[in-house]
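Enquirer: Below: sequence and its predicted model.
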Amino acid sequence: MTSSTPRNEELFDRARQLMPGGVNSPVRAFGSVGGTPRFMVSAKGPYLTDADGQEYVDLVCSWGPALLGHAHPAVLEAVHAAVDRGLSFGASTPDEANLAAIVKERVSAVERLRMVSTGTEATMTAIRLARGFTGRNLVIKFAGCYHGHADEFLVQAGSGVATLGLPDSPGVPPAATADTLSAPWAAVIRESPALKPSPGVTTPMLAGAASVITAAMLGPCSAKAASTASRSL
């Protein structure tokens, strides 16, 4: 049977010889869904085109940055102008403060902000700030939510072992996640062991936590349940 994605398969075979799993992000390997990863070669507006010429509606939007679609004329003009001035300086630039002012104007809760390159860095920075401000070490995350690639966040949901803060990702030492607790969403949240007193502790874990990490991606949880969980905390 002739493959419908021969070029994608060729690219994946080559990539696997050069990179672990053939990808630079595990979710791109298609390991949980099967099939051959698609290698994108171009994009325009809301559409992506892979190496075999197949076109797709882009529902990922580069995980956020492509909110205006791909190759938007105004975006291209701004990017070209920036590239002409230099790609990277390793120093402060005026546009950093300009961007910060735009974010502050549009998000009323923001007073000041620190810009980072990835979501992992953002979560690590937020947790460090929360721990420094509160003087507490415990962090509570919710079941099924991904908060980045740092060791302390790789406590997965759905088992008693995870609730106790034990890592289930190879290469993560138990000490790295000892202060990370996992709790389920919504109706059962108050019954979670993560939120009850533990041996030698007289108050619920929630009262002793530096931070509770929430996530926009809720998985099977409904928006109503997420709202209920937020109010209960």
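Expert: Good, I have the coordinates. Numbers count the residues shown, from 1 in each chain.
Enquirer: Could you pull up the mean pLDDT of the top helix by length along the chain?
Expert: Identified as the longest helix of the chain according to DSSP state H is helix 119-134. For helix 119-134, mean pLDDT is 90.
Enquirer: List the buried residues for that helix?
Expert: Buried positions in helix 119-134, judged by neighbour count with 16 or more other C-beta atoms under 10 Å: Ala122, Thr123, Met124, Ala126, Ile127, Ala130, Arg131. Using the backbone N, CA and C atoms, a C-beta is placed for each residue, glycine as well.
Enquirer: likewise stretch 51-59?
Expert: Ala51, Asp52, Asp58.
Enquirer: Which member of those residues is positioned nearest Ser182?
Expert: Asp58 (32.1 Å; C-beta to C-beta).
Enquirer: Quick check, the closest one in contact with Ala66.
Expert: Yes: contact between Asp58 and Ala66 holds when scored by C-beta atoms under 8 Å: they sit 7.1 Å apart.
Enquirer: excluding its backbone neighbours, what's nearest Gly119?
Expert: Gly148 (5.3 Å; C-beta to C-beta, 6 or more residues apart in numbering).
Enquirer: And the pLDDT for the residue lying closest to Thr120 once chain neighbours are set aside?
Expert: Nearest residue to Thr120, sequence neighbours excluded (C-beta to C-beta, 6+ apart): Gly148, at 3.2 Å. As predicted, Gly148 sits at a pLDDT of 79.
Enquirer: residues contacting Gly148?
Expert: Thr118, Gly119, Thr120, Glu121, Ala122, Thr123, Met124 (C-beta atoms under 8 Å, 6 or more residues apart in numbering).
Enquirer: Equivalent analysis for Tyr47, please.
Expert: Glu55, Tyr56, Val57, Asp58, His70.
Enquirer: what about the strands in the protein?
Expert: With strands called from DSSP state E, the chain shows them at 40-44, 47-50, 55-57, 138-142, 180-183, 209-213.
Enquirer: Make CSV out of these and add mean pLDDT and distance to Asp84.
Expert: Output for these, formatted as CSV (pLDDT from 0 to 100; distance: least, C-beta to C-beta, whole Å):
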stretch, mean pLDDT, distance to Asp84
strand 40-44, 97, 23
strand 47-50, 98, 27
strand 55-57, 97, 31
strand 138-142, 82, 43
strand 180-183, 79, 45
strand 209-213, 63, 40
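Enquirer: need these in JSON lines with distance to Arg114, can you?
Expert: JSON lines is the format used below for these (distance: least, C-beta to C-beta, whole Å):
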{"stretch": "strand 40-44", "distance to Arg114": "30"}
{"stretch": "strand 47-50", "distance to Arg114": "32"}
{"stretch": "strand 55-57", "distance to Arg114": "34"}
{"stretch": "strand 138-142", "distance to Arg114": "19"}
{"stretch": "strand 180-183", "distance to Arg114": "22"}
{"stretch": "strand 209-213", "distance to Arg114": "16"}
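Enquirer: Ok, which of these comes nearest Val155?
Expert: Counting by C-beta to C-beta, Val155 lies closest to strand 180-183 out of the strands of the chain; the figure is 4.8 Å.
Enquirer: Report all helices and strands that that closest one contacts.
Expert: Packing partners of strand 180-183 (3 or more C-beta pairs under 8 Å, 6 or more residues apart in numbering; DSSP states H and E): strand 138-142, helix 160-163.
Enquirer: Quick check: neighbours of it in the sheet, parallel or antiparallel?
Expert: Sheet pairing of strand 180-183 (DSSP bridges) gives strand 138-142 (parallel).
Enquirer: what's the closest non-adjacent residue to Leu67?
Expert: Cys61 (6.2 Å).
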